[in-house]
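Engineer: here is a sequence together with a model predicted from it:
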Amino acid sequence: MKNWLRKLLSPIVILILVNLILGSFIFDDFGESWDENVNYLYGEKVNDIYRNVFERTGEERNYGPNNNKGYYGPFFLTAAEAVDQAVRPWVGDLPSKDVFHALYFTVFLMAVFSLYTIARRFLGEWAAFGVALLFNTQPVMFGHAFINPKDIPFMAFFLASVASGMWMLAAFPANKEESTEEALEQDSIFRLARKDWQGINSRNKRIFLVVVVLWCVFWGVTVLLGNVLDSGVERVVVDAYQAGGTTFLGRIFERYAAYRDVFSPDAYVQKAQIWVSKAIEIGLGILLLGIVAVLVTRMPSVVHRLRREILDPLLGEINLRFPYKLARSFTKGSVWIAGILVGLSTSIRVLGPAAGALVALYFFMKRKGKALAPLTAYVLIAALTTYLTWPILWGAPVRRFIEAAFFMADFPWNGNVLFEGVVYEAEKLPLWYFPKLLWLKFTWLVMPLFVLGTVWGVIWAIKRRMDRTMLLVLGLWFWGPFAMFLITQPTIYDNFRQFFFILPPLFLFGGVFLEFLFEKLKPVWMRVVLLVLLIVPGIVGNIRLHPYEYVYFNWMAGGMSGAFRQYELDYWATSFNEAVEYLNANAPEFADVIVWGPVQLVSKYAREDLEVFPATEETVPDSSGEPLETYNYIVQTTRRNFDLTNPIEGEVVFQVGRDGAVFVTVTRLP
């Protein structure tokens, strides 16, 4: 009884309950976000597919206004829409957006709890609670928790997938002698690598190092000087195009550009840039193959050890007893829970299998060949779950999943991003975009804790104080996608919300340093003071910015006033909710309103007599940006400093902002 009561009153349970109470008071304060209504419609359409599952073929299924929406994982939106319909008799006229926002926040609390359970696998109770508390109170996370139907649910299910996968390990205990042998030989592979390297002659060492340096140079030119390289290619092609036959390059261009009179120079510039990019990629691939070939052929001891510890145990499990072991794995409830969660993660975003890969790595490192049967069951359950919850996969699951992966990898977003006061194309952001925002968007202690925790984690792993497998998994969880961002520079916008799922390890590594501090601080009151100091900046930020917590920037950016006009703030235009409330209360009857921004956020909630128009050439016809005199108001977002590049003459009668930053203005036209 006492043990049950202790668990019920544990700090993490109390934290979740406090969140639920607080959330019940504020969940309806938040405005609808930019494209939230499209997501509602998608969830509704997918539920319609389930209701008519036997009446339509794949080609006839409707996924909303844009059928490409089917490539977006539908599970959470479908479930949220179903919940909204189910609770409608009890919530009355409560807007659907508020029901959805309450659900987003509930799922966020699942993320907080999952983070805590992962932390408890290698940290003490105080440090693990500190990790959860610090994560929970981050304004960027707490704000998104109420308004984000995409990234918060995916992060939450990703975390739950990893946490449940680690819990699944307990159902398959290791033999004591195997665990002892693993502990004794855990670092022997590094000694073998050093021995093999010493056995390579000096000439081959120099060749290998030259190849590695060349690879780094090629990569550096591609990533660090990509814009400079594109500009150089453009200059060469344009000069050759204009020179005709008067120069060497001009003569080559005339010889191979048979349709130069048909196509503009821009077409040839784009083609040349693609060729140069492909050539560099091929060069990087060839050099990487050379590096791998040297490692395989010149380090036989390492190759032998890897084969003995990875390949041989797996092959040894494939025998007549394997079907029996597989069947037994299906009887374990933890396997079903973990498999279903990673399947649902995949059915939210195509990157969900990455959670499964982290779990598989952790499981295999702990159980070696014995992991094969349970992981096979785990993958099959996950695949079945994804298939059942993602209708676009029905009929051709492999082909359509690959199509979805390619579609999301080359996401078609052509907007611009405000960063450091400069408006960039989303695919041409500086290399330091993501790292810098990590330091500016979290409260200022988060990143120093991450750096110190990483150092302490490595030291403790060397001293065998920390589970090395856990350190490897956490490192790959964050540093793998982070390195891919630096190498491939994918399209990214809205600060870094698409990368929320890789951020939990920042807090988990920070927890390692918290563990070190709590070991030094023995009195309970000192530990409580430390926790309070950690969360005060986040709590203050949440209070000052509510209900726009997600726009938070810390003092390193100059606070909100310093970030204004320099970085993206209310990029989802949730502040339009207040602008509409002002118009509903103050606009005269039958007033005409122009919206420069998400017009649907105004038209959906405006009074019935108000006429709402998007800013187009018809409503704002001349080059000066002045609207026609027949309109009464214009609502303008300040996103990307749009109000500065499109100035309007009139009286600003209302604006929404916080701490010197303005998100939206309402201007009465003359």
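Structural biologist: Good, I have the coordinates.
Engineer: packing partners for the helix or strand hosting P505?
Structural biologist: Counting by DSSP states H and E, the element that carries P505 is helix 504-520. Contact analysis of helix 504-520 by 3 or more C-beta pairs under 8 Å, 6 or more residues apart in numbering; DSSP states H and E lists helix 96-119, helix 125-136, helix 446-462, helix 468-488, helix 524-545 as its packing neighbours. All C-beta spots, glycine's among them, are computed from the backbone N, C-alpha and C.
Engineer: to T389, which of those helices lies closest?
Structural biologist: Smallest distance to T389 across these (C-beta to C-beta): 15.4 Å, for helix 96-119.
Engineer: what separates the closest one from the chain centre, distance-wise?
Structural biologist: 16 Å (C-alpha atoms, centre = their mean, to the nearest Å).
Engineer: related to what we said a few turns ago, in terms of mean pLDDT, which of the helices and strands packed on helix 504-520 ranks lowest?
Structural biologist: Of all these, mean pLDDT reaches its minimum on helix 468-488 (a mean of 88).
Engineer: contacting residues around that helix?
Structural biologist: With contact meaning C-beta atoms under 8 Å, 6 or more residues apart in numbering, helix 468-488 is reached by 121-122, 162, 186, 219, 223, 354, 358, 361-362, 365-366, 431, 434, 457-458, 461, 490, 492, 499, 502-506, 508-509.
Engineer: buried ones among the residues you listed?
Structural biologist: Neighbour counting with 16 or more other C-beta atoms under 10 Å marks 122, 162, 219, 354, 358, 361-362, 365-366, 434, 457, 461, 490, 492, 499, 502-506, 508-509 as buried within these.
Engineer: what's the longest helix in the protein?
Structural biologist: Assignment by DSSP state H gives helix 265-298 as the longest helix of the chain.
Engineer: got the angle between that helix and helix 468-488?
Structural biologist: Counting by axes from the mean of the first three to the mean of the last three C-alpha atoms, to 10 degrees, helix 265-298 points 150 degrees away from the direction of helix 468-488.
Engineer: between the helix holding P505 and helix 524-545, how many degrees?
Structural biologist: Going by the same axes, to 10 degrees, helix 504-520 is angled at 150 degrees with respect to helix 524-545.
Engineer: what mean pLDDT does helix 504-520 have?
Structural biologist: Average pLDDT, helix 504-520: 96.
Engineer: same question for that helix: list its buried residues.
Structural biologist: Of the residues in helix 504-520, those buried (16+ other C-beta under 10 Å) are 504-518.
Engineer: what's in contact with it?
Structural biologist: Here helix 504-520 has contacts from 111, 115, 118-119, 123-124, 126-128, 130-131, 134-135, 155, 159, 438, 442, 446-447, 449-450, 452-454, 456-457, 460, 466, 474-475, 477-478, 527, 530, using C-beta under 8 Å, 6+ apart.
Engineer: now the buried members of those residues.
Structural biologist: 111, 115, 118-119, 123, 126-128, 130-131, 134-135, 155, 159, 438, 442, 446-447, 449-450, 452-454, 456-457, 460, 466, 474, 477-478, 527.
Engineer: helices or strands up against the strand or helix carrying N204?
Structural biologist: Applying DSSP H and E as the criterion places N204 in helix 202-224. For helix 202-224, the packing partners by 3+ C-beta pairs under 8 Å, 6+ apart come out as helix 265-298, helix 468-488.
Engineer: which of those helices sits most buried?
Structural biologist: Stretch with highest mean neighbour count among these: helix 468-488 (a mean of 17; mean count of other C-beta atoms under 10 Å).
Engineer: and that helix with helix 96-119, angle?
Structural biologist: Comparing the axes of helix 468-488 and helix 96-119 via the same axes, to 10 degrees yields an angle of 130 degrees.
Engineer: ranges for the strands of the stretch 251-400 of the chain?
Structural biologist: Counting by DSSP state E, counting those that start in this stretch, one finds no strands in the stretch 251-400 of the chain.
Engineer: can I take it that R565 is in a strand?
Structural biologist: No: if the criterion is DSSP: H, G, I helix; E, B strand; the rest coil, then R565 is coil and not within a strand.
Engineer: ok, now how distant is it from I634?
Structural biologist: Distance of R565 to I634, computed by C-beta to C-beta, to the nearest Å: 20 Å.
Engineer: with neighbour numbers in mind, choose between the two.
Structural biologist: The residue with more neighbours, out of R565 and I634, is I634; 25 against 15, by other C-beta atoms under 10 Å.
Engineer: give me phi/psi at the more buried one?
Structural biologist: I634 has phi and psi values of phi -130, psi 130 when expressed as degrees, to the nearest 10.
Engineer: next up, the contacts around it.
Structural biologist: Residues in contact with I634 (C-beta under 8 Å, 6+ apart) are V593, I594, V595, W596, A615, P627, I648, G650, V666, T667, L669.
Engineer: what's the closest of those residues to K205?
Structural biologist: Looking across these and measuring by C-beta to C-beta, the closest to K205 is W596, at 62.3 Å.
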